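[1] Structure of the sequence below:
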Amino acid sequence: MSSELRLKKLRGSGGFIMATVNDDQQRKGNLGGPDLFLAPVGRLDSEKISKYYCNTCEKEYEGSPKIEYENPNEIVAENLVLLEKGQYVCTTCGSVLAEYRNFSKPDETASVGAAIPVSSTNSVTPPQPTQSFELQEQPKASTSVKTFSSITGLGVYDTEARKVGIVKEMGIQPDQSSIVLVVTRNDGTDVTIKWDDIKKIGEIVLLGGSLENNLKCKCGYTNSQGSKFCESCGNKLK
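    Below you'll find the model as predicted:
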């Protein structure tokens, strides 16, 4: 694969940057549409950034925004370690242009297991990963899902190998009993997926079934496939 650098626009939730990126970085930033996104790329060398645009200032600036990051080395799920988290910040107003997360799997032969709530204070010695995941921080928690960790940006595929959406955030149900992924479907609508309905997480998220079989009650609870009544409040499902 060519390592030639190309000037590209990479978007974030609060603006965009113009930077020279190589083929691998461009591949990471491509989530399947016409735009490239900064979050999956992770931390870029500030010298590679020629200018940026801040949505809050509504202004373009020459040079690089401030890049703030830390290395928590925190276990966020079974066989998944948060190595680095950071954000691109406007040097004028302090608004966040984009956020990212860099994960690794200590055991490449094993799959990712149950997520560990953010209240857990687990840290590890940095592993020597052969594969990493550079991901975006979650948006603010909604009324129906409390977020605590994110694998934003991964493509979601069903058992028929069809891409059905992109991971928006990871969270837990209001009753704290079930871990879910919030997925933005191809039509732009959001749906929650129970952790138990996920077959595998790697370069992509592979579901154990179809998005259409995940039933969400008006109370916000995501029920198991085939449920006719909400497992949380007892309301009849549509």
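[2] and residue 9, how many neighbours?
    Applying other Cβ atoms under 10 Å, we find 15 residues neighbouring residue 9. In short, each C-beta sits where N, CA and C put it, glycine included.
[3] and it, what is it in contact with?
    Contacts for residue 9 were tallied using Cβ atoms under 8 Å, 6 or more residues apart in numbering; they are 16, 17, 18, 35, 36.
[4] Can you select the buried ones from those residues in PyMOL?
    One line in PyMOL is enough to select the buried members of the contacts of residue 9, burial here meaning 16 or more other Cβ atoms under 10 Å:
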select buried, resi 16+17+18+36
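[5] Tell me the secondary structure of the spatially closest residue to residue 92 that is not a sequence neighbour, please.
    Closest residue to residue 92 apart from its sequence neighbours, by Cβ to Cβ, 6 or more residues apart in numbering: residue 57 at 5.7 Å. For residue 57, the secondary structure call by DSSP: H, G, I helix; E, B strand; the rest coil comes out as coil.
[6] Any stretches of this structure with poor pLDDT?
    Low-confidence segments of the chain, defined by pLDDT under 70: 1-3, 32, 112-150, 159-161, 171-178, 202-203, 209-216, 220-229, 231-232, 237-238.
[7] residue ranges for the helices of it, please.
    For the chain, the helices defined by DSSP state H cover 23-29.
[8] OK, contacts around the nearest residue to residue 50 once chain neighbours are set aside?
    Distances taken as Cβ to Cβ, 6+ apart place residue 18 nearest to residue 50, at 5.0 Å, with adjacent residues excluded. With contact taken as Cβ under 8 Å, 6+ apart, residue 18 is in contact with 7, 8, 9, 10, 49, 50, 51, 52.
[9] for residue 11, same thing?
    Counted by Cβ under 8 Å, 6+ apart, residue 11 has contacts 35, 36, 37, 38, 98.
[10] possible to save those as JSON lines with distance to residue 91?
    Converted to JSON lines, those look like this (distance: Cβ to Cβ, whole Å):
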{"residue": "35", "distance to residue 91": "24"}
{"residue": "36", "distance to residue 91": "22"}
{"residue": "37", "distance to residue 91": "21"}
{"residue": "38", "distance to residue 91": "16"}
{"residue": "98", "distance to residue 91": "14"}
